[in-house]
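Q: This is a predicted model, with the sequence first.
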Amino acid sequence: MKQIISVRDLEELVRAGKDLKSLPSDALLTPSARDFLREHDGATAAALTPKPGSGPVAVRMTSKSSKSELEAFFNSPALHELKLQLCEIGRRLWQRAYVDGNGGNIAIRVGDDLALCTPTLVSKGFMKPEDMCLVDLEGNQLAGVKKRTSEILMHLQIMKKQPRAVATVHCHPQYATGFAVAGVEPPTCMVPEYEVFSSVAIAPYRTPGTPEMGKLVSDLVDKHNTILMANHGVVSWSHNNVEDAYFKMEILEAYCRTILVASQLGKPVNTMTPAQLQDLLKIKQSLGIPDPRHGLKECELCDNDGWRPGVTCAVEPREGSPAASNGTVDSQAEALVQAITNQIMNRTE
Ligand SMILES: [Zn+2]
């Protein structure tokens, strides 16, 4: 039976002045023991990394692992499961019309400096597990037949800047993208789900796929989990899993549709009070979701000065002018209706 070595065993060896390289080469290391070894002596840890298929020990791969190890990792059951998740989330993006053509891309962190991602030039609605790609955090492709998405740098820059980001989703949902094109940050204090699960900001436009675009997005991800990219689309990250990152899209898109409808109903929209929002922010904080408003006073919340519902018909009608009744066409229609009404009235007399 193989020897199981814990971090305590290793600490005792070090205390006793023993050489960690003297460990049996087929020893099974607990994850914390492996971390200990990596910090203590990277070379020893590498030497003790089990060969692919040699046992159930979870191996922490890095971009520096050998090509055959990375290949075996890429083809392992654990990564197959994540590839299926990428296919499933892609299918949902496409079915909800959050992506168009070959647009949109998804990534999942699978190591300290490794990510699994979707390929370029494939519709997100019809991906297969074998389409997926393994990359390092610089965007170099390490495994996979298809070429990685051209927008991977943005995902990786988010992962580098925000260590809690385990998954990222990018797509072009129409309502949210409409806000991004108009440069309008969705107003707050209207719907609880949006307040609890989303933390939205707008990044300026740069050519998609460039490091500059990734930099502008990643500058925002310490306090925001959903970034509107001006004149482009949306990218979100999650500290839980890829489905949770996708949920951020559903929540944002539903919210943008809702407030667009609310703003067209001819009545001022109702908002929650700062105290009500404060309650929601407490829930948000307990869920580990970032928000720049955490810690603000109640009087600083619910500031929607930038939001002007009905801004598309903001031309003020002048009193007594034809425009006051919506222009000449409407005036003519009214006159016509009046004439017909008069005729009918005359006939019935
Ligand atoms: Zn895009």
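A: Received, thanks.
Q: Give me the next element, helix or strand, following the helix or strand of the chain with the lowest mean pLDDT.
A: Ranked by mean pLDDT, DSSP states H and E, the weakest helix or strand in the chain is helix 42-48, scoring a mean of 34. Counting by DSSP states H and E, the next helix or strand C-terminal to helix 42-48 is helix 67-74.
Q: which parts of that following helix are buried?
A: Glu69, Leu70, Glu71, Ala72, Phe73, Phe74 (16 or more other Cβ atoms under 10 Å). Heads up, the C-betas are built off the backbone N, CA and C, glycines and all.
Q: cool, stretch 87-106 as well?
A: Using 16+ other Cβ under 10 Å as the test for burial, stretch 87-106 gives Cys87, Ile89, Gly90, Arg92, Leu93, Trp94, Tyr98, Val99, Gly103, Gly104, Asn105, Ile106.
Q: Mind jotting down where the helices sit in the stretch 151-300 of the chain?
A: Ranges of helices in the stretch 151-300 of the chain, per DSSP state H, counting those that start in this stretch, are 152-161, 174-182, 192-197, 211-218, 242-262, 274-286.
Q: packing partners for the third one?
A: The criterion is 3 or more Cβ pairs under 8 Å, 6 or more residues apart in numbering; DSSP states H and E, and the helices and strands that helix 192-197 contacts are helix 242-262, helix 274-286.
Q: cool, the fourth one as well?
A: Packed against helix 211-218 by the contact rule (3+ Cβ pairs under 8 Å, 6+ apart) you find helix 152-161, strand 200-203, strand 226-229.
Q: now those in JSON lines, with distance to Glu138?
A: Formatted as JSON lines, those follow (distance: least, Cβ to Cβ, whole Å):
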{"stretch": "helix 152-161", "distance to Glu138": "7"}
{"stretch": "strand 200-203", "distance to Glu138": "21"}
{"stretch": "strand 226-229", "distance to Glu138": "21"}
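Q: Between the ones you listed, which one is closest to Asn270.
A: strand 200-203 (20.4 Å; Cβ to Cβ).
Q: So what's the residue count around Lys128?
A: 12 (other Cβ atoms under 10 Å).
Q: mind giving me JSON lines with the helices of the stretch 151-300 of the chain and columns for mean pLDDT, distance to Ala230 and mean neighbour count?
A: As requested, the helices of the stretch 151-300 of the chain are exported to JSON lines (pLDDT from 0 to 100; distance: least, Cβ to Cβ, whole Å; neighbours: other Cβ atoms under 10 Å):
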{"stretch": "helix 152-161", "mean pLDDT": "98", "distance to Ala230": "14", "mean neighbour count": "24"}
{"stretch": "helix 174-182", "mean pLDDT": "97", "distance to Ala230": "6", "mean neighbour count": "18"}
{"stretch": "helix 192-197", "mean pLDDT": "97", "distance to Ala230": "20", "mean neighbour count": "19"}
{"stretch": "helix 211-218", "mean pLDDT": "97", "distance to Ala230": "9", "mean neighbour count": "20"}
{"stretch": "helix 242-262", "mean pLDDT": "97", "distance to Ala230": "15", "mean neighbour count": "19"}
{"stretch": "helix 274-286", "mean pLDDT": "94", "distance to Ala230": "25", "mean neighbour count": "16"}
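Q: now these as JSON lines including distance to Pro129?
A: Shown next, in JSON lines, are the helices of the stretch 151-300 of the chain (distance: least, Cβ to Cβ, whole Å):
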{"stretch": "helix 152-161", "distance to Pro129": "18"}
{"stretch": "helix 174-182", "distance to Pro129": "29"}
{"stretch": "helix 192-197", "distance to Pro129": "29"}
{"stretch": "helix 211-218", "distance to Pro129": "26"}
{"stretch": "helix 242-262", "distance to Pro129": "14"}
{"stretch": "helix 274-286", "distance to Pro129": "34"}
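Q: Could you name the stretch from those helices that's closest to Gln141?
A: Comparison of the helices of the stretch 151-300 of the chain against Gln141 by Cβ to Cβ identifies helix 152-161 as nearest, at 8.9 Å.
Q: Tell me what angle that closest one forms with helix 211-218.
A: 40 degrees (axes from the mean of the first three to the mean of the last three Cα atoms, to 10 degrees).
Q: Show residues contacting helix 152-161.
A: Outside helix 152-161, the residues that touch it by Cβ atoms under 8 Å, 6 or more residues apart in numbering are 105, 107, 109, 115, 117, 135, 137-139, 165, 168, 170, 208-211, 213-215, 217-219, 221-222, 235, 237.
Q: quick one on the thing from earlier: just so I know, which of the helices and strands packed on helix 192-197 lies nearest Asp9?
A: helix 242-262 (35.9 Å).
Q: Show me what the closest one packs onto, helices and strands only.
A: By 3+ Cβ pairs under 8 Å, 6+ apart, helix 242-262 packs against helix 77-95, strand 105-111, strand 167-171, helix 174-182, helix 192-197, strand 226-229, strand 233-238.
Q: Tabulate those in JSON lines, adding columns for distance to Ile283.
A: What follows is these, written out as JSON lines (distance: least, Cβ to Cβ, whole Å):
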{"stretch": "helix 77-95", "distance to Ile283": "25"}
{"stretch": "strand 105-111", "distance to Ile283": "26"}
{"stretch": "strand 167-171", "distance to Ile283": "22"}
{"stretch": "helix 174-182", "distance to Ile283": "23"}
{"stretch": "helix 192-197", "distance to Ile283": "5"}
{"stretch": "strand 226-229", "distance to Ile283": "17"}
{"stretch": "strand 233-238", "distance to Ile283": "17"}
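Q: show me what contacts the residue nearest to Leu287 when sequence neighbours are not counted?
A: Distance criterion Cβ to Cβ, 6 or more residues apart in numbering; nearest residue to Leu287, sequence neighbours excluded, is Val196 at 7.2 Å. Residues near Val196 by Cβ under 8 Å, 6+ apart: Leu280, Ile283, Lys284, Leu287, Ile289.
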